[in-house]
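Engineer: okay, here's the prediction I keep looking at, along with the sequence it came from:
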Amino acid sequence: MTDIHLTQLIEPWFENSVASQWLTHTVANLIGLCALCLLYLVTRRLVLPSLQNLITRFSPSRIGLLSTQLNKLSGRLSALICCVLFLGFFERVFVAPEWLFAIGKVVGQILLVIISGLLFSAFINLGHGIYQQLKFAKEVPIQGLVQVAKLITFIVCGILSISLLIDKSPTYILSGFGAIAAVTLLVFKDTILGLVASIQIAANRLVSIGDWIQVDAFGADGEVLDLGLNTVRVRNWDNTITTIPTYQLISDSFKNWRAMQQSSGRRIKRPIYIDMHSLQTWSGEQVASKATELDFEIDASQPLSNVSVFRKYAEHYLRSHPKISKECVLMVRSLAPSEKGLGLEVYCFSSNTQWVPYEQLQAEVIEYLVAKLSDFELRPFQAVTGQLKLD
């Protein structure tokens with residue numbers, strides 16, 4: 001069966017017209033363009049969205065979160081269908097000079113390569129979106145690997161497009177890459193370093209999205225928003241954004257607070273400095289009286305200093321506090337005497353690792369213990385500054 005051109009079906013409509021040939025060619029071209037536009041609109045607005053809605057009904061909670069990726073996928077798939085049909089039937093539908101057909105064929109092939117690359121990129125985004133819904137996705141981020149896959153896809157599409165444009169084999173273009181390898185490595189230095197760093201970060205689970213990290217060299221102290229191929233974005237606690245090169249997390253040191261957040265407590269380590277002139281020795285009766293008054297246990301069989309009694313009371317207070325972790329180390333210890341007096345260090349762990357509750361508990365504990373010093377005839381050390389008013 002011989003191929004039939006569209007003009008052969010339209011020509012009888014205008015055989016009695018003066019400009020029958022011009023009208024036939026014009027109508028054929030308009031029909032071809034309108035058919036492509038109509039096909040794109042039908043597939044983009046009707047067929048593929050209907051399939052998407054049908055698939056979403058099976059799992060609205062999961063597939064519904066992929067609506068952005070599915071919309072991009074359907075748009076690029078519609079464009080691919082139109083491009084394939086154009087290349088397959090343009091010689092039977094459109095009327096144009098041979099040179100214009102040659103240009104149209106090359107442009108169509110280049111568009112087919114580009115749209116195919118974009119479609120493959122949309123599939124990668126869809127796969128990444130599905131992966132993000134897994135439980136361990138935050139612990140093993142693959143954003144860097146996804147960007148590498150996209151980069152390779154676009155490089156391949158670029159090589160194929162150039163080969164079609166200059167009518168040469170892709171191997172001809174690849175053969176010239178050896179001469180510019182040094183320039184390529186220089187241009188893509190950060191990308192290559194970022195690729196290696198991304199693989200190491202994902203393999204060793206060094207950083208995950210949502211982790212609290214501290215990178216002093218870049219002034220970053222906050223939550224990780226994004227782990228990319230070239231950069232890591234951190235939202236600091238003052239709501240500013242710090243961008244860090246990905247490879248810096250491997251080459252330099254940084255602090256990750258994830259282990260603290262996942263543990264049973266967050267450390268409180270604060271000293272209280274006591275004026276050494278207020279230290280005195282209490283008899284066993286005084287020690288027992290104070291223990292009875294404040295309801296805590298202490299060995300009153302021998303004289304003790306009032307700071308020792310206060311230290312025992314502070315430990316009792318911490319152990320009985322409902323917001324202090326009982327699973328972690330808890331103590332109140334004496335520091336070496338210094339020009340600031342005798343230091344008592346409160347060392348314990350808050351059960352709540354969140355920042356605001358932790359700071360509130362820390363302030364509550366220290367303020368209470370400082371206020372209790374007077375009950376033990378102790379005075380906090382305070383450096384005097386400014387002018388003294390003398391009577």
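Structural biologist: Perfect, thanks for sending it.

Engineer: residue ranges of the strands in the stretch 251-391 of the chain, please?
Structural biologist: Counting by DSSP state E, counting those that start in this stretch, the stretch 251-391 of the chain has strands at residues 255-256, 266-274, 281-282, 304-305, 331-334, 342-350.

Engineer: so what does the second one touch, helix or strand wise?
Structural biologist: With contacts defined as 3 or more CB pairs under 8 Å, 6 or more residues apart in numbering; DSSP states H and E, the secondary structure elements packing on strand 266-274 are strand 342-350, helix 355-372. C-beta here means a position set from N, CA and C on the backbone, and glycine is covered the same way.

Engineer: how about the helices in the stretch 151-300 of the chain?
Structural biologist: For the stretch 151-300 of the chain, the helices defined by DSSP state H, counting those that start in this stretch cover 170-175, 181-187, 189-204, 248-251, 258-262, 284-294.

Engineer: of all the helices and strands packed on strand 266-274, which lies closest to Glu315?
Structural biologist: Closest to Glu315 of the helices and strands packed on strand 266-274 is strand 342-350 (CB to CB; 9.1 Å).

Engineer: tell me which other helices or strands the longest helix anywhere in the chain touches.
Structural biologist: Looking across the chain with DSSP state H, the single longest helix is helix 98-132. Secondary-structure packing of helix 98-132 (3+ CB pairs under 8 Å, 6+ apart): helix 67-93, helix 143-166.

Engineer: and the angle from it to helix 67-93?
Structural biologist: Per axes from the mean of the first three to the mean of the last three CA atoms, to 10 degrees, the angle that helix 98-132 makes with helix 67-93 is 160 degrees.

Engineer: who touches Pro303 in this structure?
Structural biologist: Pro303 sits next to 281-284, 287 when contact means CB atoms under 8 Å, 6 or more residues apart in numbering.

Engineer: ok, so what distance separates Arg266 from Leu87?
Structural biologist: From Arg266 across to Leu87, the span is 63 Å (CB to CB, to the nearest Å).

Engineer: most centrally placed residue in the chain?
Structural biologist: With distances taken as CA atoms, centre = their mean, the residue of the chain nearest its centroid is Asp226 (2.2 Å).

Engineer: what sits opposite the residue lying closest to it once chain neighbours are set aside in the beta ladder?
Structural biologist: The shortest distance from Asp226 to any non-neighbouring residue, by CB to CB, 6 or more residues apart in numbering, is to Arg233 (4.4 Å). Beta bridges link Arg233 to Asp226, Thr243, judged by DSSP bridges.

Engineer: Arg233 reaches Thr246, doesn't it?
Structural biologist: No - applying CB atoms under 8 Å, one finds Arg233 not in contact with Thr246, separated by 10.5 Å.

Engineer: these two: who's more crowded?
Structural biologist: Legend: neighbour count by other CB atoms under 10 Å for Arg233 and Thr246, higher for Thr246 (25 against 17).

Engineer: for Pro380, give its distance to Pro271.
Structural biologist: In this structure, Pro380 and Pro271 are 11 Å apart, going by CB to CB.

Engineer: scratch that, Phe296 is what I was asking about
Structural biologist: 22 Å.

Engineer: figure out how far the longest helix of the chain is from the centre of its chain.
Structural biologist: Put simply, helix 98-132 sits 28 Å off its chain's centre (CA atoms, centre = their mean, to the nearest Å).

Engineer: mean confidence score for it?
Structural biologist: Helix 98-132 comes out with an average pLDDT of 87.

Engineer: any buried residues in it, and which?
Structural biologist: For helix 98-132, the neighbour count (16 or more other CB atoms under 10 Å) marks 104, 108-126, 128-129 as buried.

Engineer: quick one: low-confidence parts of the chain?
Structural biologist: 1-3, 6-8, 11-12, 14-20, 176-185, 385-391 (pLDDT under 70).

Engineer: and it, what are its domains?
Structural biologist: As given by automatic domain parsing, the domain ranges for the chain are 6-133, 263-376.

Engineer: redo those as JSON lines? Include distance to Ser251.
Structural biologist: Below are these laid out as JSON lines (distance: least, CB to CB, whole Å):
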{"stretch": "domain 6-133", "distance to Ser251": "26"}
{"stretch": "domain 263-376", "distance to Ser251": "28"}
